[in-house]
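>>> Could you look at this predicted model? Sequence included:
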Amino acid sequence: MFPFYPYEVGVTGGNEFCVFDVPEVGRFGVSICYDMWIPETTRTLAVMGAEVILHPTLTGTIDREIELSIARASAATNQCYFFDINGLDAGGSGRSIVCGPEGRVVYQADVNEEFIPIEINLEKVRRSRELGVLRLGQPMKSFRDRPVAFDVYTPGAVHPYLDSLGPLIKPQRVQELGELQKLDEARLAHEPKPTIISSFRPPSESNIN
């Protein structure tokens, strides 16, 4: 829904939310990559009844640590399971994370390829939404019973501060570094691999203490 502008090009965002039911299991929602940075996306899926949000991503940038925090916060504030599965190698830096409806980390992967066989209990989602996160805050009900209208979402509304931020920009230095990296990768791909010769010489008796 939200392409990673201005870094992604040739990609058009969607305008429909994806939820589906697994019979006798529960309701699942899907969001992708940069969508998680727009909390209204996750909230809408939860309001549509999603108890598990599946969130594939391809993050290889230094903000992965922030995304792990967003995943935990998304699970807690929407009282759902949140599967943030990241790619590896050229497709991401790994560190996939699964969070439960109380924001706790169910499992966090490392930077290597692995299977993640996890059993989840959707009854925990239903109990959390009924009784509260850790039997305390009830954000889904509070959102439902909100005493205010969020005028920031009114179609056609003017937001002077947001307008003052200017257009989306791509830092020129980042673009230059990306081009240099592509040139280096192309050069290395055509260079012959060096031959590595190793040898071992046992220590002489005079060097033994």
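Sure thing, it's come through.

>>> Run a quick neighbour tally on Phe28.
21 (other Cβ atoms under 10 Å). Bear in mind the C-beta positions are built from the backbone N, C-alpha and C, glycine included.

>>> Kindly state the beta-bridge partners for it.
Phe20, Val52 (DSSP bridges).

>>> Quick check, pLDDT for it.
pLDDT, Phe28: 98.

>>> do Phe115 as well
92.

>>> helix, strand or coil for it?
Secondary structure, DSSP: H, G, I helix; E, B strand; the rest coil: Phe115 is coil.

>>> ok, it - how many residues close by?
Residues within reach of Phe115, counting by other Cβ under 10 Å, total 6.

>>> cool, and the one 5 residues further on?
Ile120 is flanked by 17 other residues according to other Cβ under 10 Å.

>>> For it, give me its contacts.
By Cβ atoms under 8 Å, 6 or more residues apart in numbering, Ile120 lies in contact with Val52, Tyr81, Gly100, Val106.

>>> go with 10 Å
Shown in contact with Ile120 (Cβ atoms under 10 Å, 6 or more residues apart in numbering): Val25, Gly26, Glu51, Val52, Tyr81, Phe83, Val98, Gly100, Pro101, Val106.

>>> out of these, who has the most neighbours?
Ranked by neighbour count (other Cβ under 10 Å), the contacts of Ile120 have Glu51 at the top, with 26 neighbours.

>>> Phe83 is in contact with that one, correct?
No. Counting by Cβ atoms under 10 Å, Glu51 sits too far from Phe83 to count as a contact (11.8 Å).

>>> Now list whatever residues contact both of the two.
Common neighbours of Glu51 and Phe83 (Cβ under 10 Å, 6+ apart) are Phe28, Ile120.

>>> Could you give me the buried positions within the helix or strand where Arg129 lies?
In this assignment (DSSP states H and E), Arg129 forms part of helix 122-131. For helix 122-131, burial by neighbour count (16 or more other Cβ atoms under 10 Å) applies to Leu122, Lys124, Val125, Ser128, Arg129.

>>> Let me see the mean pLDDT of it.
The average pLDDT within helix 122-131 is 97.

>>> Helices of this protein, start to end?
Assignment of helices within the chain using DSSP state H yields the ranges 39-47, 64-78, 122-131, 139-144, 160-164, 172-190.

>>> What helices and strands are in contact with the helix holding Arg129?
When contacts are defined as 3 or more Cβ pairs under 10 Å, 6 or more residues apart in numbering; DSSP states H and E, helix 122-131 packs onto strand 26-30, helix 64-78, strand 81-86, helix 139-144.
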